[in-house]
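S.K.: The amino acid sequence is not available; the structure is as follows:
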């Protein structure tokens, strides 16, 4: 065999080996496989011992989650915002006390997608509900004031600042937009292991110089949070769609690509017409 053919065959073999090694390297699992980043914003509704009205305020933050199994993901959440509430004096309907705070919570937990377990894993599923549970720490800094029916209207009653353990659980719904982006909504309930998130756990009968009774309230405050978020997939997961979804996934992805191409073509045509 001529030397030129030997060199050609050797070159092809080395090229095939390097290509195969690179392909295997690309398929190797990494820490970022199946990781999503989700900025979130919405409202919270506080239910404390003495809060009768004006209990709604804002929350914002973000979630990072990673697929552990086709139907199970680990998640880390950092949220914060403002809470408030008012207590009304029942006999007159006047404002007796009110509070405001700022808070932050750091939670770790899991989310579970029942449809991926029951029907099979499908990344392009349009609507995918999930359940979530998490635990962690909450920090709050609360100021409580007397209202017009209180002992000394509009003066500071209490200031409380502390860390406390907390647990939360809820439901979510994710809507698939494309292979990178999705929109989701979550509704969670959080229980701090503290009765002082609203700044007090007891109230008094009488006047400042003549308190006739001290009334204890029910233990523990809690709050609900309703948020919307946009998820961005940082790197595709190693899990593959169930074979029965392969054609459906292909058609859905192709429609997405065709739609994107048409939009780009329209944009180009508009620019050309403007230049004329």
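M.R.: It's in. As the structure is a prediction and not an experimental result, all values here were calculated from the model.
S.K.: Over to the residue nearest to residue 164 when sequence neighbours are not counted. Which of the three states is it?
M.R.: With CB to CB, 6 or more residues apart in numbering as the criterion, residue 164 has its nearest non-adjacent residue at 4.0 Å, and that residue is residue 194. (Glycine included, C-beta is placed from N, CA and C.) Under DSSP: H, G, I helix; E, B strand; the rest coil, residue 194 falls in the coil class.
S.K.: how many neighbours does residue 194 have?
M.R.: When neighbours are counted by other CB atoms under 10 Å, residue 194 registers 19.
S.K.: list the contacts for it?
M.R.: Contacts here follow CB atoms under 8 Å, 6 or more residues apart in numbering; on that basis residue 194 touches 138, 162, 164, 220, 221.
S.K.: Am I right that residue 112 is in contact with residue 131?
M.R.: Yes. With contacts counted by CB atoms under 8 Å, residue 112 reaches residue 131, the gap being 4.9 Å.
S.K.: which regions of the stretch 1-150 of the chain lie under the pLDDT threshold?
M.R.: For the stretch 1-150 of the chain, residues meeting the criterion pLDDT under 70 lie at 1-29, 50, 90-92, 149-150.
S.K.: redo that, cut-off 50
M.R.: Residues of the stretch 1-150 of the chain meeting the criterion pLDDT under 50: 5, 8, 13-26.
S.K.: any idea where the helices of it begin and end?
M.R.: Using DSSP state H, counting those that start in this stretch, the helices found in the stretch 1-150 of the chain span residues 3-27, 114-118.
S.K.: before we move on, what about the stretch 151-276 of the chain?
M.R.: 246-275.
S.K.: The stretch 51-200 of the chain: strands as residue ranges?
M.R.: Under the criterion DSSP state E, counting those that start in this stretch, the stretch 51-200 of the chain contains strands at 56-69, 72-88, 95-112, 127-146, 156-176, 181-192.
S.K.: Tabulate these (JSON lines), appending mean neighbour count.
M.R.: Shown next, in JSON lines, are the strands of the stretch 51-200 of the chain (neighbours: other CB atoms under 10 Å):
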{"stretch": "strand 56-69", "mean neighbour count": "18"}
{"stretch": "strand 72-88", "mean neighbour count": "19"}
{"stretch": "strand 95-112", "mean neighbour count": "20"}
{"stretch": "strand 127-146", "mean neighbour count": "18"}
{"stretch": "strand 156-176", "mean neighbour count": "16"}
{"stretch": "strand 181-192", "mean neighbour count": "18"}
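S.K.: Can I get those in JSON lines including distance to residue 48?
M.R.: As requested, the strands of the stretch 51-200 of the chain are exported to JSON lines (distance: least, CB to CB, whole Å):
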{"stretch": "strand 56-69", "distance to residue 48": "13"}
{"stretch": "strand 72-88", "distance to residue 48": "6"}
{"stretch": "strand 95-112", "distance to residue 48": "8"}
{"stretch": "strand 127-146", "distance to residue 48": "10"}
{"stretch": "strand 156-176", "distance to residue 48": "12"}
{"stretch": "strand 181-192", "distance to residue 48": "10"}
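S.K.: so which of the ones you listed gets nearest residue 234?
M.R.: strand 56-69 (9.0 Å; CB to CB).
S.K.: what angle separates the closest one from strand 95-112?
M.R.: Relative orientation of strand 56-69 and strand 95-112, computed by axes from the mean of the first three to the mean of the last three CA atoms, to 10 degrees: 10 degrees.
S.K.: Kindly calculate the angle that strand 56-69 makes with strand 181-192.
M.R.: 110 degrees.
S.K.: Direction included, what does strand 56-69 pair against?
M.R.: If you go by DSSP bridges, strand 56-69 pairs up with strand 35-47 (antiparallel), strand 72-88 (antiparallel).
S.K.: could I get the ones you listed as TSV with distance to residue 97?
M.R.: Listed next are the strands paired with strand 56-69 as TSV, based on distance: least, CB to CB, whole Å:
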stretch	distance to residue 97
strand 35-47	14
strand 72-88	5
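S.K.: between these, which one is nearest to residue 103?
M.R.: Taking the strands paired with strand 56-69 one by one with CB to CB, strand 72-88 is closest: 6.0 Å.
S.K.: now the angle from that closest one to strand 127-146?
M.R.: Put simply, strand 72-88 runs at 30 degrees to strand 127-146, going by the same axes, to 10 degrees.
S.K.: For the residue nearest to residue 164, give its distance to residue 159.
M.R.: Applying CB to CB, to the nearest Å, the value for residue 194 to residue 159 is 15 Å.
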